[in-house]
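[1] give the three-dimensional model of this entry:
(one chain, ligands or ions: 2)
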Amino acid sequence: MTPYEAAYADWQGNPQDWWARAAEGIDWEQRWDRVFAPEMGAFGQWFAGARLNVCHNALDRHADGGRGDQPALIWDSAATGEKRTLTYTELRDATARMAGALAARGIGMGDRVVIYMPMVPEAVMAMLACARLGAVHSVVFGGFAAAELAKRIEDAKPRAVISASCGIEPGRLVAYKPLLDEAIALSAHKPDHCLILQRPMLRADMGARDADLLEAMHGAAPAPCRPVRATDPLYILYTSGTTGKPKGVVRDCGGYAVALHRSMSMIYGMKPGDVYWCASDVGWVVGHSYIVYGPLLAGCTTVMYEGKPVGTPDAGAFWRVCAEHRVRVLFTAPTALRTIKQQDPNAALMAHHDLSKLDALFLAGERCDPPTAIWAAGALGKPVVDHWWQTETGWPITAGFRGFGLFPSKPGSGGRPAPGYDVQVLDDAGAILPRETSGNLAIRLPLPPGCGPTLWGSDDAYRAAYLSDFPGWYRTGDAGTIDADGDVSVMGRTDDVINVAGHRLSTGQIEEVLAGHPDVAECAVVGMADALKGQAPLGFVVLKAGVDRPEHEVAAELVALVRARIGPVAAFKLARVVSRLPKTRSGKILRASIRRIADGQDANPPPTIDDLATLDDIRAAMLRP
Ligand code: COA
Ligand code: AMP
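    Numbering: from 1, shown residues only. Ligands and ions are numbered 1, 2, ... in the order given. Below you'll find the predicted structure:
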């Protein structure tokens, strides 16, 4: 048996005992009555009866336990040229003051706080300050437009919002405050307070509910950690489903802390004091788990990077950060690697930097095409480990395990199930399929600690979204196979979710926006294969009878509409006017067929946008009896 097989068998033999042992890595105010309580929540809850504070586990216990002078957070902003290092003591003290500023405004246990911020240390402090008070944070990614922020404010009903005057994108400043003001105007729910970080490159106009975040912190008394129930919510993170309404995935405190702490050694092979860099954004689950909570729970140093992999200042930016901060493990999305590879195909810029401290590169967020994984492994000469997870699970479902000694990773595969996950491939009726057969990837219930136990405000909505299709299983929404060695390959989604540059988007959400254009009669949005971003959204629209306008004019309006309503992150640039959409006899648009053609599953090489101009005619011909 390999060490991985032994650990997996150990978990299978007694899952509750396995997790109870993992829970020893966390400080508890009060230990649990039961490791798992099956009758609680949508499918059961972990560590029922226990009490802890996640901020204490992430900061105070290290600050007070001998790591006070160790860097906790290295902020490296290629966007501004600034760098800042905060030790565990400094990060704890600043977080306690931010918590104090919130407490002075009456925010406490169970209150929601929306965080809409760029990649600055104050975003990390804001998340941990909420955790300190037992308040529930909901971070909204900065690339979303006001209407999307409004939907999240409407649903989470925050008492406060923490934001900044601006973010920085290549060649432009993104003024966050006007977007926040517009979102609050659009939302029926109004927060009581907005705390704004004034960045020097663009200062925000302040209104009646606004206060300067740094001034508020300066005048605040540090707030202590407040123990909460392990089953209480730590955060809500909204993610795309199949409709325009985002799903508010809830994360609990105890199970999440245990699972993330265990994952840092088991999956990434990190020890306290090691430097870990997750090059994502705090607005995504990857950023929550592996920029903020995971590395800090484990006593590591986390790197927070504000900038892009290329262009700030060059395609060697990632390697510069790895070398300068002595990063041991880098975690990024395949799209980022593809952009680097495009600019620096021979890895010449990589060679300028001393990467001797770097042990491994982890990839997730989208399927990694084998050529990119092979290029990275060859150029770096280090293990490149793909691992598969979702906002809902909060930590990897499958991975390679540095903590158990890596097994050879197969390009295109996401690795093997982590202890905690029984992953199987099911047919549409819910029967387990044999190895090497593709079908629905599902996880046998209960989900392990760390996985989202519910959707905000509704266990029923959670059951309907994930548990009802295959009783006894969690439906991941991904399709794939498991090979003879047990390696899982994730091939794509079974629903209308697409993945653009590692960002999860709902085609239904984009369709809702297109359908709102006055000239559009009906539409379908699909993901089409994109060499850089993996997928790119492509909209087909049928214009209303009598509308006779040039395609480029309508397309430009549709692109602008999606950018204004959903945000630049939708990366919606391609719209085609067609005379009709392929439909079933009963009039349902054949989205799955359009999708298959557009994402290239039916063609090698994949079609180009021009090939798809006549999609309706192709489909009509195919459907003709
Ligand atoms: N605030 C405002 N706008 C933002 C933004 C933010 N935080 N993030 C992105 N945008 C904008 C970009 O400027 C771009 O605008 P443009 O159309 O004017 O060019 C648009 O949104 C699309 O952005 P994106 O698709 O991300 O492309 P990019 O060139 O800006 O960045 C990557 C490319 C690879 C760096 C980026 O997509 C990335 O980091 N992806 C990985 C995501 C991830 O970490 N996922 C989690 C799994 S690891
Ligand atoms: P998100 O919830 O934004 O993290 O997106 C989760 C989705 O991204 C998954 O359901 C998959 O479709 C996709 N995904 C994430 N990681 C991988 C991976 N390693 N391989 C293939 N797809 C992935």
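[2] and the pLDDT at the residue nearest to I162 when sequence neighbours are not counted?
    What sits nearest to I162 in space, not counting adjacent residues and going by CB to CB, 6 or more residues apart in numbering, is A126, at 4.4 Å. Yep, even glycine has a C-beta here, placed from its N, CA and C like the rest. With respect to pLDDT, A126 scores 99.
[3] do the one 3 residues further on as well
    Among the per-residue scores, A129 shows a pLDDT of 99.
[4] try the one 3 residues further on
    Model confidence at R132, expressed as pLDDT, equals 98.
[5] what of I594?
    Turning to I594, the model gives it a pLDDT of 79.
[6] same thing with D611?
    Turning to D611, the model gives it a pLDDT of 53.
[7] for N57, which three-state class applies?
    Put simply, N57 is helix when judged by DSSP: H, G, I helix; E, B strand; the rest coil.
[8] ok, it - contacts?
    N57 is in contact with 26-27, 257, 261, 297, counting by CB atoms under 8 Å, 6 or more residues apart in numbering.
[9] can you pick the most crowded of these?
    Highest neighbour count within those, by other CB atoms under 10 Å: A257, with 30 neighbours.
[10] that one sits in which helix or strand?
    Using DSSP states H and E, A257 falls within helix 254-266.
[11] now that helix: average pLDDT?
    Computed over helix 254-266, the mean pLDDT rounds to 98.
[12] hey, C-alpha coordinates of that helix in PDB?
    C-alpha atoms of helix 254-266 as PDB (Å, rounded to 0.1, in the frame of the first residue of the first chain):
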ATOM      1  CA  GLY A 254     -15.500  24.100  12.600                       C
ATOM      2  CA  GLY A 255     -15.500  21.700   9.700                       C
ATOM      3  CA  TYR A 256     -13.900  24.300   7.500                       C
ATOM      4  CA  ALA A 257     -11.100  25.000   9.900                       C
ATOM      5  CA  VAL A 258     -10.400  21.300  10.400                       C
ATOM      6  CA  ALA A 259     -10.500  20.400   6.700                       C
ATOM      7  CA  LEU A 260      -8.300  23.400   5.600                       C
ATOM      8  CA  HIS A 261      -5.700  22.800   8.300                       C
ATOM      9  CA  ARG A 262      -5.500  19.100   7.300                       C
ATOM     10  CA  SER A 263      -5.300  19.900   3.600                       C
ATOM     11  CA  MET A 264      -2.300  22.200   4.000                       C
ATOM     12  CA  SER A 265      -0.100  19.300   5.100                       C
ATOM     13  CA  MET A 266      -1.800  16.500   3.400                       C
END
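[13] ok, back up a step: what about the residue nearest to I162, distance to ligand 2?
    Between A126 and ligand 2 the computed distance is 21 Å (CB to the nearest ligand atom, to the nearest Å).
[14] now do the contacts for that residue.
    98, 113, 115, 117, 137, 162.
[15] check E551 too.
    Going by CB under 8 Å, 6+ apart, E551 touches 576-577.
[16] contacts for stretch 166-173, please.
    Under the contact criterion CB under 8 Å, 6+ apart, stretch 166-173 has outside partners 79-80, 117-119, 142, 174-177, 199, 201-202, 204, 306, 308, 311-312, 568.
[17] how about residues contacting the helix or strand that the helix holding A257 is followed by?
    Per DSSP H and E, the first helix or strand lying C-terminal to helix 254-266 is strand 275-278. With CB under 8 Å, 6+ apart as the test, strand 275-278 has contacts from 74, 264, 268, 270, 286-287, 290-291, 294-295, 300-303, 305, 321-322, 325-332, 357.
[18] quick check, strand 275-278 touching ligand 2?
    No: using CB under 6 Å from any ligand atom, strand 275-278 stays clear of ligand 2, coming no nearer than 12.5 Å.
[19] quick one: strands adjacent to that strand?
    When pairs are called by DSSP bridges, strand 275-278 turns out to pair with strand 301-306 (parallel), strand 329-332 (parallel).
[20] any chance of TSV for the ones you listed, columns mean neighbour count and mean pLDDT?
    Below are the strands paired with strand 275-278 laid out as TSV (neighbours: other CB atoms under 10 Å; pLDDT from 0 to 100):
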stretch	mean neighbour count	mean pLDDT
strand 301-306	24	98
strand 329-332	25	98
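[21] identify the residue of the stretch 301-450 of the chain closest to ligand 2, quick one.
    Nearest to ligand 2 in the stretch 301-450 of the chain, going by CB to the nearest ligand atom, is T391, at a distance of 3.3 Å.
[22] go ahead and confirm that residue touches Y235.
    No: using CB atoms under 8 Å, T391 is not in contact with Y235; the gap is 11.0 Å.
[23] between the two, point out the one with more neighbours.
    Neighbours per residue (other CB under 10 Å) separate T391 from Y235, with Y235 holding more: 31 against 19.
[24] now do the contacts for the residue nearest to P370 when sequence neighbours are not counted.
    Nearest non-adjacent residue to P370, counting by CB to CB, 6+ apart: P411, 3.5 Å away. Taking CB under 8 Å, 6+ apart as the criterion, P411 is in contact with 368, 370, 373-374, 386.
[25] which residues touch Y88?
    Counting by CB under 8 Å, 6+ apart, Y88 touches 59, 62-63, 67-72.
[26] assign the residue nearest to I162 to helix, strand or coil.
    When classified by three-state DSSP, A126 comes out as helix.
[27] i'd like the first residue to be 41 from this point on
    Got it, the first residue is 41 from now on, which makes the last one we talked about A166.
[28] any idea how far T135 is from it?
    As judged by CB to CB, to the nearest Å, A166 and T135 stand 9 Å apart.
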